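Novice: Pasting a predicted model and its sequence here:
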Amino acid sequence: MSEPLLKVVDLYCERDERVLFDGLNFELSEGQLIQIEGANGSGKTTLLRILSGLSSHYEGDIYWQGEAIRDAKHSFLAALLYFGHQPGVKGMLTPIENLRWYAAIHPSLDEGSINSALEAVGLKGYEDVPCHSLSAGQNRRVSLARLYMNRAQLWILDEPFTAIDKRGVAAKEALLAGHVSQGGSVILTTHHDLSACGPVTKLNLDELMGT
Amino acid sequence: MADSRTKTSDNSLGKQFAAVFKRDLLLSFRRKSDLANPLIFFLMVATLFPLGVSPEPNFLAEVAPGVVWVAALLATLLSLDGLFRSDFDDGTLEQVMLSPQPLMVVCLAKVAAHWVTTGLPLTLMSPLLGLMLFLPSDAMLGLMASLLIGTPTLSLIGAIGAGLTVGLKKGGVLISLLVLPLYIPVLIFGSGAVQAASIGLPVVGYLALLGAMLALGFVLAPFAISAAVRISVSG
């Protein structure tokens, strides 16, 4: 079997003297979708921040394609698309300006497909409206439009369906299924049922919670 | 997918610098109050100082170099807190850190945009302040030259403090404490240059020292700024 894309060995993290997870092991291979579950405050966002390299408050090892993630930082980041807790959208800029800026700082995003991506997330006609006058759901859609314009292999998504309407969720589920079937991998947290996206590996943080 | 992983050319670094620089300029021009704030402060100091101390032209001419420089320094300090704040709050700073390209380029672009919106207008406005404070006309060139070379150093040093405090809810006071000691050499040589120019002495030595500080800041500060931002975001 080939090397797993991402391998987590014996991950330990505590926050404010409370153990969030201890001895967490899992592997992510190409074409796999992992859904992280857990109660509020169980450390889902913390785990995603650790996996994406934003937070270094952990013990244990993370390997990217068999290499320690610290050594493979460049190739890891080039293959990563992270959708965080905050949408990462500038209110003073229009959706197009926001996405153009994303395309400039992330080489894996294709600047040419901004318009089709905005159309795909249902923001056609809002291209030149400053994001602060869009709704919360529309702001998150601006950031989610990045999913339609990238060639990144690994998607790490933190609650991507929050504030998105039913039709939008269905479209995102189809997008996730398409990404996975093309050999891409996804780690996400959500309280939605993802059975429409094909086989889902579930990882429950509640069971791992320390005392 | 494979080709996108190895693609980091000088071209894309330049593109990234330009994109961040342009975005920050655009943001400050859409929020005009932030743009005007340091300039109004700068102008207010020069207006109120003669009223509060003494309107005597000889006295004012003597203290003008110091007053203009202190005002420029405090005006820069005033604008620093916002440098990374809004990017941190809306999550775009996280996204910058997840770019495979060096964080330093983005930090340098942000500092450059900060200077263009504060240091440069302050420099252009300084002759007006000099005039209000009866600074001899011979010293105007020295004043502008010293500010032109000195204010980028202020932006570079200030960004280190802004990066370190961006994770805190109220970082304003802490920035001043962190950054002011490092501002003192710039202030001494900057106002020294204007003083020398106003009594007809050569200013080249002062300007060379300011230039040396700028060169040092330009080379070393980006490392410190990106390390500071990294600490704040991962904390």
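Specialist: That came through, no problem. Numbers count the residues shown, from 1 in each chain, chains lettered A, B, ... in the order given.
Novice: The longest helix belonging to chain A close to chain B?
Specialist: The longest helix of chain A (DSSP state H) is helix A:166-181. No - counting by Cβ under 8 Å from any Cβ of the partner chain, no contacts exist between helix A:166-181 and chain B, the nearest distance being 11.3 Å. For the C-beta atoms, the positions are set from N, CA and C on the backbone; glycine is no exception.
Novice: next structured bit after that helix?
Specialist: Toward the C-terminal end, the helix or strand that comes next after helix A:166-181 (DSSP states H and E) is strand A:185-189.
Novice: From the contact counts, what lies against that next one?
Specialist: For strand A:185-189, the helices and strands in contact under the criterion 3 or more Cβ pairs under 8 Å, 6 or more residues apart in numbering or on different chains; DSSP states H and E are strand A:33-37, helix A:44-52, strand A:154-158, helix A:166-181.
Novice: partner strands of that strand, parallel or antiparallel?
Specialist: As defined by DSSP bridges, the strand partners of strand A:185-189 come to strand A:33-37 (parallel), strand A:154-158 (parallel).
Novice: circling back to that earlier point, between the helices and strands packed on strand A:185-189, which one is nearest to residue A:5?
Specialist: strand A:154-158 (6.5 Å; Cβ to Cβ).
Novice: hmm, who's touching that closest one?
Specialist: A:5-6, A:28, A:44-45, A:48, A:51-52, A:79-85, A:147, A:176, A:179, A:184-190 (Cβ atoms under 8 Å, 6 or more residues apart in numbering or on different chains).
Novice: The helix or strand of chain A with the lowest mean pLDDT: partners in the sheet, and parallel or antiparallel?
Specialist: One helix or strand of chain A scores below all others by mean pLDDT, DSSP states H and E: strand A:201-204, with a mean of 82. If you go by DSSP bridges, strand A:201-204 pairs up with strand A:33-37 (parallel).
Novice: chain center to the partner strand, what's the gap?
Specialist: Centroid displacement of strand A:33-37 relative to its chain, using Cα atoms, centre = their mean, to the nearest Å, is 11 Å.
Novice: Dump that strand to CSV, keeping only the CA atoms.
Specialist: Provided in CSV are the C-alpha atoms of strand A:33-37 (Å, rounded to 0.1, in the frame of the first residue of the first chain):
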residue,chain,number,x,y,z
LEU,A,33,-13.0,11.9,3.7
ILE,A,34,-12.7,12.2,7.5
GLN,A,35,-15.4,13.8,9.5
ILE,A,36,-14.4,14.9,12.9
GLU,A,37,-17.2,14.8,15.5
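Novice: contact partners of that strand?
Specialist: Around strand A:33-37, the neighbours that count as contacts under Cβ under 8 Å, 6+ apart are A:26, A:28, A:44, A:47-48, A:176, A:180, A:185-191, A:194, A:197-206.
Novice: What subset of these is buried?
Specialist: Buried members of those, counted by 16 or more other Cβ atoms under 10 Å in any protein chain shown: A:28, A:44, A:47-48, A:176, A:180, A:185-190, A:194, A:197, A:200, A:203, A:205.
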